[in-house]
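A.B. asks: Any chance you can model this:
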Amino acid sequence: MRKRSKKYRESLKLIDKSKVYKVEEAVSLLKKMPGLKFDQSVDVGIELNVDSKKSDQLIRGTVVLPNGTGKSKRIAVFCKGESENEAKEAGADVVGGQELIDKVTAGWLDFDVAVSTPEMMKDLSKLGKVLGPKGLMPSPKTGTVTTNIAQAVKELKAGKVEFKTDKQGGIHVLVGRVSFEPNKLVENIKTLIDAVSVSKPPSVKGNLIKSISLSSTMSPGFRVAL
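C.D. replies: This next block holds a predicted model:
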C-alpha cells in the first residue's frame, strides 16, 4: 500500500466522505488544506454515463475558462502569408510554414498547443505519428484548424482548454491554481461543468454526468455536487 505524506493525511481528515460539497464549499475546503512550496494545480474529474467503447458516445470539446488556468501555453502556429503576421500579433510563440514542419520533423516539439490553417493540414498530416500520440495534432473539433488564426491564439492564451472522454469514460481538466481567488475558481469550475453538460451525445440515455470530484496536485479528491 502506498504511504501517503503527512500533509496528504492532514488534508484527508478535513474531508467528510459522506458529503457531496457544493462548488463554493469545495473550493473553500481545498484552500483550507495544508499548503506546499509550490502553487498546486486544481483539477476537476468528471465521471460520465457513457460507454467509452462506442464512438458515438465519446465527448470532445473546448471551453474558455473565464479566469484562465494559471498555466502559460507555448503556441505553435503553422501557416503562410498574412496569417503569419496575424498569429504573431495575437501572441503566438512560434510561427511558420514548411520550415516549421521541417523543424518538427527533425525532433523539435517545444510547444504545448499547435494551431494550423486548413491549407497547411495536408503537409502537417504527415506528422500524425509524431504529433498525434502527444495530443498536439491540430483538429477542427477543438478549433485549432481554422482560418481565424488570431482568434484561436487569443482564446488559447486566455484560458481555452480541451476536454475529452478517456478510456474509463471520464474527463479530467485543469481549472486553475490553489492561489486563485475562491470566486475565480468557482467560476472556472461551473463554466467547465456547463460546457460538458451541453455536450451530451444523443445516444446517451439519462443524465450525462454521474459524479464530479475536485482535487489539487497533492491533495485527495472529494465529491462535488452538480
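A.B. asks: Beta-bridge partners for Phe214, please?
C.D. replies: Slight slip there: residue 214 is Leu, not Phe. Val44, Phe222 (DSSP bridges).
A.B. asks: In this structure it contacts Met33, no?
C.D. replies: No - look at Leu214 against Met33 with CB atoms under 8 Å: they stay out of range, at 11.1 Å. C-beta coordinates here come from the backbone N, C-alpha and C atoms, glycine included.
A.B. asks: Show me the domain layout of the chain.
C.D. replies: Segmentation of the chain into domains, based on automatic domain parsing, reads 6-69+160-224, 75-157.
A.B. asks: could these be laid out in JSON lines, adding mean pLDDT?
C.D. replies: Converted to JSON lines, those look like this (pLDDT from 0 to 100):
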{"stretch": "domain 6-69+160-224", "mean pLDDT": "91"}
{"stretch": "domain 75-157", "mean pLDDT": "93"}
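A.B. asks: What residues of stretch 44-61 count as buried?
C.D. replies: 44-46, 48, 50, 57-59, 61 (16 or more other CB atoms under 10 Å).
A.B. asks: Show me the two of these that sit farthest apart.
C.D. replies: Val44 and Gln57 (20.2 Å; CB to CB).
A.B. asks: Kindly list the longest helix within this structure.
C.D. replies: Using DSSP state H to define each element, the chain has its longest helix at helix 182-197.
A.B. asks: what's the offset of that one from the middle of its chain?
C.D. replies: 13 Å (CA atoms, centre = their mean, to the nearest Å).
A.B. asks: what packs against that helix?
C.D. replies: If contacts are counted by 3 or more CB pairs under 8 Å, 6 or more residues apart in numbering; DSSP states H and E, helix 182-197 sits against helix 23-32, strand 41-48, strand 60-64, strand 160-164, strand 170-177, strand 209-216.
A.B. asks: Show me the contact partners of it.
C.D. replies: Taking contacts as CB atoms under 8 Å, 6 or more residues apart in numbering, the residues outside helix 182-197 that touch it are 23-24, 26-28, 30-31, 42, 44, 46, 48, 59, 61-67, 69, 159, 161, 163, 171, 173, 175-176, 180, 208-209, 212, 214, 224, 226.
A.B. asks: on that earlier part again, export the helices and strands packed on helix 182-197 as CSV, with columns for distance to Leu124.
C.D. replies: Shown next, in CSV, are those (distance: least, CB to CB, whole Å):
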stretch, distance to Leu124
helix 23-32, 39
strand 41-48, 30
strand 60-64, 19
strand 160-164, 18
strand 170-177, 26
strand 209-216, 35
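A.B. asks: Quick one: closest of the ones you listed to Ser5.
C.D. replies: strand 209-216 (13.0 Å).
A.B. asks: State the number of residues packed around Val77.
C.D. replies: By other CB atoms under 10 Å, the residues close to Val77 number 30.
A.B. asks: Ala87 against Phe78, yeah?
C.D. replies: No - using CB under 8 Å, Ala87 is not in contact with Phe78, being 9.3 Å away.
A.B. asks: shared neighbours of those two, anything?
C.D. replies: Counting by CB under 8 Å, 6+ apart, the residues touching both Ala87 and Phe78 are Val115.
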